[in-house]
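**Student:** Pasting the sequence and the predicted model now:
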Amino acid sequence: MANVATDGAGAGGGAADISIGVDEISEIYNRIKKIILELEKLEKSTEAISSIKFYKDGKAKKALKVYDKANKKAMDLYDNYAQIAVLVKYTIESMMEQDELLSQEIRTKLNLPD
C-alpha cells in the first residue's frame with residue numbers, strides 16, 4: 001500500500017493522503033489500456049464501414065451520418081481515456097520515485113523493463 005500526497009485536496013485546502021495498493025493501480029492502468037485498444041478497434045471498424053461504396057451511394061447514405069457521429073463520440077471517449085492513462089502513469093511514476101521496492105513490484109506487475 002502506498003500513500004500519494006496531493007496538494008490542495010480536501011475541503012480545507014490542505015494536503016490529503018490517498019492510499020492505493022500496487023495491485024489496484026496496476027489493474028486500473030491495465031484496464032484503461034484495454035479500453036483504449038478497444039476504442040482504437042472501434043474507430044477502424046467504423047471507418048471501414050463508412051468507406052464502403054455500397055453505403056455511400058445507396059439509400060443508407062443518411063445512416064452513415066450516424067457512423068460519423070458515433071465515431072466522433074468514440075474518439076472523444078478515447079481522448080478522455082488517453083488523458084486518464086497519462087495521469088495514472090504519472091501517479092505510478094510518482095509512487096515509484098517514493099519507494100524503490102514499490103517501483104520493482106509495479107515493474108513486475110506491468111511487465112516493464114528494469
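**Tutor:** Ah, there it is. Numbers count the residues shown, from 1 in each chain.
**Student:** Where do the helices of the protein begin and end?
**Tutor:** In the chain, the helices defined using DSSP state H lie at 22-50, 53-57, 61-98, 100-110.
**Student:** Could you say which one of those comes nearest to A16?
**Tutor:** Smallest distance to A16 across the helices of the chain (Cβ to Cβ): 13.8 Å, for helix 61-98. No exception for glycine: its C-beta is placed from N, CA and C like everyone else's.
**Student:** Please identify the buried residues of that closest one?
**Tutor:** By neighbour count on 16 or more other Cβ atoms under 10 Å, the buried set for helix 61-98 is 64, 67, 71, 74, 78, 81, 85, 88, 91-92, 95-96.
**Student:** In contact with I32, which residues?
**Tutor:** Neighbour list for I32: 81, 84-85, 88 [criterion: Cβ atoms under 8 Å, 6 or more residues apart in numbering].
**Student:** Please repeat the previous calculation with a cut-off of 6 Å.
**Tutor:** 81, 84-85 (Cβ atoms under 6 Å, 6 or more residues apart in numbering).
**Student:** Out of those residues, which is nearest to I20?
**Tutor:** Out of the contacts of I32, the one with the shortest distance to I20 is I84. That distance is 14.7 Å, counting by Cβ to Cβ.
**Student:** Skip the chain neighbours and tell me the closest residue to that closest one.
**Tutor:** For I84, ignoring the flanking residues on the chain, the nearest one in space by Cβ to Cβ, 6 or more residues apart in numbering is I32 at 5.7 Å.
**Student:** May I see the contacts of I32 arranged in a markdown table, with pLDDT and distance to L42 as well?
**Tutor:** Listed next are the contacts of I32 as a markdown table, based on pLDDT from 0 to 100; distance: Cβ to Cβ, whole Å:
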| residue | pLDDT | distance to L42 |
| --- | --- | --- |
| Y81 | 97 | 12 |
| I84 | 96 | 17 |
| A85 | 96 | 17 |
